[in-house]
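# predicted coordinates and the sequence they were generated for:
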Amino acid sequence: MIQVLAFYLFAALTIAAGAFTILSRNPVHSVLWLIVAFFNAAGLMVLCGAEFIAMLLVIVYVGAVAVLFLFVVMMLDIDFATLRAGFIRNMPLGLVLAVVLLAEVLIGLGALGAGGIKLGTPDGSAAPLAGASNIEAIGALLYSKYLFLFEAAGLVLLVAMVGAIVLTHRQRSGVRGQNVAKQNARRPDEATFNASPEVGKGVQL
Amino acid sequence: MDWSHSLRLVAPEELLSVASLVLLLGAAWARCARDARAITWLAVATLAACAVMVAPTAFTAARGPEVLAFGGLFAADAFAAYAKLLIYAAAGASLLVAPAFFEKLRAYRPEYPVLVLLAVAGMGIMVSATNLLTLYIGLELNSLAAYVLAAFLKDDDRSAEAGLKYFVLGALASGILLFGMSLTYGFTGTTSFTGIAAALQGGVSTGALFGVTFVMAGLAFKISAVPFHMWTPDVYEGAPTPVTLFFASAPKVAALALTMRVTLDAFGSQVAAWQQIVIVAALASIVVGALGAIGQTNIKRLLAYSSINNVGFLLIGLAAATPAGAAGMLVYLAIYVAMTVGGFVAVLMLKDAAGNQVEQIADIAGLSSHRKVLSACLAMIMFSLAGIPPLFGFWGKFVVFQAAVDAGLLPLAVIGIAASVIGAFYYLKVVKVMYFDEPVMKVTGQSNWIHQALLAASALFISPAGYLLTKCLGGLAAAAVAALLHAA
């Protein structure tokens, strides 16, 4: 019963948040709604018994991708003065979102405590791989059968990193870096000199 | 799964990865152009070492279960070894010509050889892939490095445009390929090529057919077959010429070898599902490649259309879906690599007095009056690309057409030959401009010995002397195809 309730709660909120993502006029609000959608999708994944994917959704999408989106949105030409002016006006919305997320966490924990959700228990249709939790199962596959592909995927990421640096790094000329040795070697008698300018003429520096 | 056995089989890829990491570390301390040059030479030495490592596999026609690594994810068989030898040779050529080109623009950095080595590692994984996952990882490793290489001259607008265009369209193609792969996986229940072939044995469902079609579309993009060729002229023109040399040769070999393995191995039990697609793509590539090249004024764009045209001829061998057709493709690929490398090295040797590259066809008018050897080599490459008999390019076309005729695809062969006559027009136009037009004396700069040696080597390969190699090449190709089909 509680699972059915939780499913409808998560599903409805996912759809609603998705709709608000594309309907809201303020791009920052869109990203926040997107985070709510990700969070609820993670809840759906937990209901399916795929707690690893749920965690990935929260960590990767909410934690990294959504923050990246926020950065991009911040790069857009948004008049932040009008945004800040609306802070108090938008405050209730932010509070509602926070309460929704908090309520979901509490409901989820309550359901787990009441035994309504069984985390990571295989249903028996697949061959048992390495143990009870699907994190262990994925890890066992990833680091044994698919180790070669895992390492090769690491190379792909390395190429992406090298490429990003190659394409953006520039050797700048005229950068005044600090040269500690030169600073220490500087002596007062070299650094200062007496000038006796004639009246009415400038100083030659 | 025996780890040490598997690790021995992927030794060339391991060497490439480790060497690229070490050279990347060296690149961090590289200060001057001489360091970058040294790193380039070390990268070439790495490629040579890899070629020595895979050559025995190609010559001993290794096949069967003992060449499968990591539980069937990776096959180090004679087919992969043959393709890898071509890839290493082409990548080596693009490394050797790079320093002179980039140093003139003060843009040479030691990351170039590192990225080429990583791309080569990706291509090695591609041609050895016997699983959809391996295929995708290899393809992405190669593609990502290629996007960066296309934009390597970041201060040049055309190079940046080429990189961006290649990246956006390449990402789209990867998405299409991935979609096809997931459909295939969904309808066959496995990602391994052998498993897919077994699952499709009884017939192909509509869903699986969609999967096959999308996979073919994604691969057609990577080999720049029509109708997925639109990026090719822009990217080939905009990318730095050594990179264009690389794009036109090594990744094309890798993607074609991959296409052969996917079609003949994974989808080998359902030839009818993909044969039509290949026939249409082959004919369209030949015709578009031939007609599109006619109006070009930039020689790099012309060679881009020429490569589209050649991919069409190569696909005729695949359309035959016979061992003879596949072997013909492999022979043609070797000749194609030699012609492409020779063609782009010749383009790199076209410099004005200040050492700047000359790319317009009008600027090479009357080249024969003052650069006799260069224009003779370029003319030979053009004749060979057109498939005119005494040259080796003819042999490549001959073997694929013969395979198509033997497989009962006579109309396809006839249309292909007719279109190759149209194609001959623009190749001969370049020869005419060089030999019979009023000299403009624009190409007066000199090139270094590396360019001359590479041009001489490829000219010798495509000269009638190349026919001495037909037996050796044919034997290697037949052994490679035997290994490919044995796995199915």
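Right, received. Where do you want to start? Numbers count the residues shown, from 1 in each chain, chains lettered A, B, ... in the order given.
# show me what contacts the closest residue to chain B within chain A?
Of all residues in chain A, A:G163 sits closest to chain B, at 3.5 Å by C-beta to the nearest C-beta. C-beta coordinates here come from the backbone N, C-alpha and C atoms, glycine included. Contact partners of A:G163, counting by C-beta atoms under 8 Å, 6 or more residues apart in numbering or on different chains, are B:L115, B:L144, B:A145, B:Y147, B:V148.
# now with 10 Å?
B:111, B:115, B:118, B:144-149, B:151-152, B:163, B:167 (C-beta atoms under 10 Å, 6 or more residues apart in numbering or on different chains).
# check which helix or strand covers it.
helix A:147-168 (DSSP states H and E).
# buried set for that helix?
Residues A:147-149, A:152-153, A:155-156, A:158-160, A:162-163, A:166-167 are the ones in helix A:147-168 that count as buried (16 or more other C-beta atoms under 10 Å in any protein chain shown).
# ok, now stretch B:32-44?
Going by 16+ other C-beta under 10 Å, stretch B:32-44 has these buried residues: B:A36, B:R37, B:A38, B:I39, B:T40, B:L42, B:A43, B:V44.
# in chain B, where is pLDDT below threshold?
B:1, B:487-488 (pLDDT under 70).
# show me what residue of it gets nearest to chain A.
B:V148 (3.5 Å).
# got the contact list for B:E140?
A:152-153, A:155-156, A:159-160, B:122, B:125-126, B:170-171, B:174, B:177-178.
# with those in mind, which one is nearest to B:V414?
Comparing the contacts of B:E140 against B:V414 with C-beta to C-beta places B:L177 closest, at 32.2 Å.
# so which helix or strand takes in that closest one?
Counting by DSSP H and E, B:L177 is part of helix B:157-188.
# could you check the angle that helix makes with helix A:147-168?
160 degrees (axes from the mean of the first three to the mean of the last three C-alpha atoms, to 10 degrees).
# name the helix or strand for the residue nearest to B:Q402 when sequence neighbours are not counted, please.
Computed as C-beta to C-beta, 6 or more residues apart in numbering or on different chains, the closest residue to B:Q402 that is not its neighbour in sequence is B:G328, at 7.0 Å. Per DSSP H and E, B:G328 falls inside helix B:323-348.
# contacting residues around the closest residue in space to B:L178 that isn't next to it in sequence?
Leaving aside its chain neighbours, B:L178 sits nearest to B:Y136 (6.6 Å; criterion: C-beta to C-beta, 6+ apart). By C-beta under 10 Å, 6+ apart, B:Y136 lies in contact with A:149, A:152-153, A:156, B:125-126, B:129, B:174, B:177-178, B:181, B:191, B:218.
# A:A181 - how many residues pack around it?
As a burial measure, A:A181 scores 7 neighbours (other C-beta atoms under 10 Å in any protein chain shown).
# ok now the host helix or strand of it, how far from the chain's centre?
According to DSSP H and E, A:A181 maps onto helix A:180-185. Relative to its chain's centre, helix A:180-185 lies at 42 Å (C-alpha atoms, centre = their mean, to the nearest Å).
# show me what the helix or strand that comes right after that helix is packed against.
Downstream of helix A:180-185, the next assigned helix or strand under DSSP H and E is helix A:188-191. Counting contacts by 3 or more C-beta pairs under 10 Å, 6 or more residues apart in numbering or on different chains; DSSP states H and E, helix A:188-191 is packed against no other helix or strand.
# tell me the secondary structure at the spatially most distant residue from the centre of chain B.
Here chain B reaches farthest from its C-alpha mean at B:E438, the gap being 35.4 Å by C-alpha atoms, centre = their mean. Here B:E438 is coil, with the state taken from DSSP: H, G, I helix; E, B strand; the rest coil.
# quick one, what contacts it?
Applying C-beta under 10 Å, 6+ apart, the residues near B:E438 are B:A365, B:G366, B:S369.
# so the last one makes contact with B:T444?
If I follow you right, that is B:S369. No. Counting by C-beta atoms under 10 Å, B:T444 is not a contact partner of B:S369; they are 11.4 Å apart.
# tell me if I'm right that B:A304 and B:S224 touch.
Yes. Counting by C-beta under 10 Å, B:S224 is a contact partner of B:A304 at 8.3 Å.
# other SSEs contacting the one helix or strand A:A41 maps to?
Assigned by DSSP H and E, A:A41 belongs to helix A:27-47. On a contact count with 3+ C-beta pairs under 10 Å, 6+ apart, helix A:27-47 meets helix A:2-23, helix A:51-56, helix A:66-75, helix A:80-85, helix A:87-113.
# redo that, cut-off 8 Å
With contacts defined as 3 or more C-beta pairs under 8 Å, 6 or more residues apart in numbering or on different chains; DSSP states H and E, helix A:27-47 has these neighbours: helix A:2-23, helix A:51-56, helix A:66-75, helix A:87-113.
# and the shortest one, how far from the chain's centre?
What that stands for is helix A:51-56. 15 Å.
# quick one: A:I165 from B:A353, how far?
36 Å (C-beta to C-beta, to the nearest Å).
# cool, A:E51 as well?
From A:E51 to B:A353 the distance is 70 Å (C-beta to C-beta).
# for B:V127, same thing?
43 Å.
# looking at these two, which one has more neighbours?
Using other C-beta under 10 Å as the criterion, B:V127 and B:A353 rank with B:V127 on top: 27 against 11.
# report the contact partners of the more buried one.
Neighbouring residues of B:V127 by C-beta under 8 Å, 6+ apart: B:F79, B:A80, B:A83, B:K84, B:I87, B:G138, B:V253, B:A254, B:A257, B:L258, B:R261.
# correct me, but the first one touches B:V481?
Yes. B:F79 is within contact range of B:V481, at 6.9 Å (criterion: C-beta atoms under 8 Å).
# with neighbour numbers in mind, choose between those two.
B:F79 (34 against 24).
# element containing the more buried one?
helix B:78-104.
# relative to the whole chain's centre, how far out is that helix?
10 Å.
# just want the angle from the helix or strand following it to helix A:147-168.
Remark: after helix B:78-104, the chain's next helix or strand is helix B:111-128, criterion DSSP H and E. Using the same axes, to 10 degrees, the direction of helix B:111-128 lies 150 degrees away from that of helix A:147-168.
# next, the angle from helix B:111-128 to helix B:78-104.
160 degrees.
# just the CA coordinates of helix B:111-128, formatted as CSV?
Provided in CSV are the C-alpha atoms of helix B:111-128 (Å, rounded to 0.1, in the frame of the first residue of the first chain):
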residue,chain,number,x,y,z
GLU,B,111,49.8,17.1,-27.5
TYR,B,112,49.4,16.4,-31.2
PRO,B,113,51.3,13.1,-31.3
VAL,B,114,49.7,12.2,-27.9
LEU,B,115,46.2,12.7,-29.3
VAL,B,116,47.0,10.8,-32.4
LEU,B,117,48.3,7.9,-30.4
LEU,B,118,45.1,7.8,-28.3
ALA,B,119,43.0,8.0,-31.4
VAL,B,120,45.0,5.0,-32.8
ALA,B,121,44.4,3.1,-29.6
GLY,B,122,40.7,3.8,-30.1
MET,B,123,40.9,2.6,-33.7
GLY,B,124,42.7,-0.6,-32.6
ILE,B,125,39.8,-1.3,-30.2
MET,B,126,37.3,-0.5,-33.0
VAL,B,127,38.7,-3.0,-35.5
SER,B,128,39.0,-5.7,-32.8
